[in-house]
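Just need the structure, nothing else, for what follows:
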Amino acid sequence: MKLIGIGFGSMVSADRMVAVITPDSAPVKRLIQESRERGMLIDATYGRKTASVFIMDSGHVVLSGVAAEKIAARAGIDVTLHEDE
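Sure, this is the predicted structure:
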């Protein structure tokens with residue numbers, strides 16, 4: 001099992017990660033709220049602003065205060081971003 005540091009000493013399993021998304025859009029904010037209501041939200045921001053949201057295969061949603069790009073770089077994952085604006 002490979003663990004990826006998501007900031008401030010917290011880690012998640014790379015094998016169980018489905019997606020990493022930014023928290024800016026309304027659908028993501030709804031997803032976070034629904035996960036909180038279901039008891040499936042893990043807040044690993046340590047009081048900081050949420051910078052990335054991890055969706056796990058178990059249905060858990062994990063919040064991190066570190067940007068997804070930084071986490072990917074630390075884990076040695078090559079990320080190619082295509083932003084359509």
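
residues in contact with the closest residue to S52 other than its chain neighbours?
On the basis of C-beta to C-beta, 6 or more residues apart in numbering, the spatially nearest residue to S52 that is not a chain neighbour turns out to be A68, at 4.0 Å. Where you see a C-beta, it was placed from the backbone N, CA and C, and this is true even at glycine. Residues in contact with A68 (C-beta atoms under 8 Å, 6 or more residues apart in numbering) are V20, I21, T22, A51, S52, V79.

measure A68 to G39 for me?
From A68 over to G39 the distance is 24 Å, taken as C-beta to C-beta, to the nearest Å.

so how far does stretch 15-30 reach from one end to the other?
Distances were taken as C-alpha to C-alpha, to the nearest Å; on that basis the terminal residues of stretch 15-30 are 25 Å apart.

tell me how far the longest helix anywhere in the chain is from the chain's mean position?
Of all segments of type helix in the chain, defined using DSSP state H, the longest is helix 26-38. Between the mean C-alpha point of helix 26-38 and the mean C-alpha point of its chain there is a distance of 13 Å (C-alpha atoms, centre = their mean, to the nearest Å).

which helices and strands sit right next to it?
Packing contacts for helix 26-38, counted by 3 or more C-beta pairs under 8 Å, 6 or more residues apart in numbering; DSSP states H and E, involve strand 52-56, strand 61-64.

May I have the strands that pair with the following helix or strand past it, each with its orientation?
In the C-terminal direction, the helix or strand that comes right after helix 26-38 (DSSP states H and E) is strand 41-44. Applying DSSP bridges to the sheet, strand 41-44 is found paired with strand 61-64 (parallel).

What lies in contact with the partner strand?
6-7, 10, 12, 23, 31-32, 35, 40-45, 50-56, 71.

Just the CA trace of it, in PDB.
Written as PDB, here are the backbone C-alpha positions of strand 61-64 (Å, rounded to 0.1, in the frame of the first residue of the first chain):
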ATOM      1  CA  VAL A  61     -14.500  12.700   1.000                       C
ATOM      2  CA  VAL A  62     -11.200  14.100   2.400                       C
ATOM      3  CA  LEU A  63     -10.400  17.800   2.600                       C
ATOM      4  CA  SER A  64      -6.800  19.100   2.500                       C
END
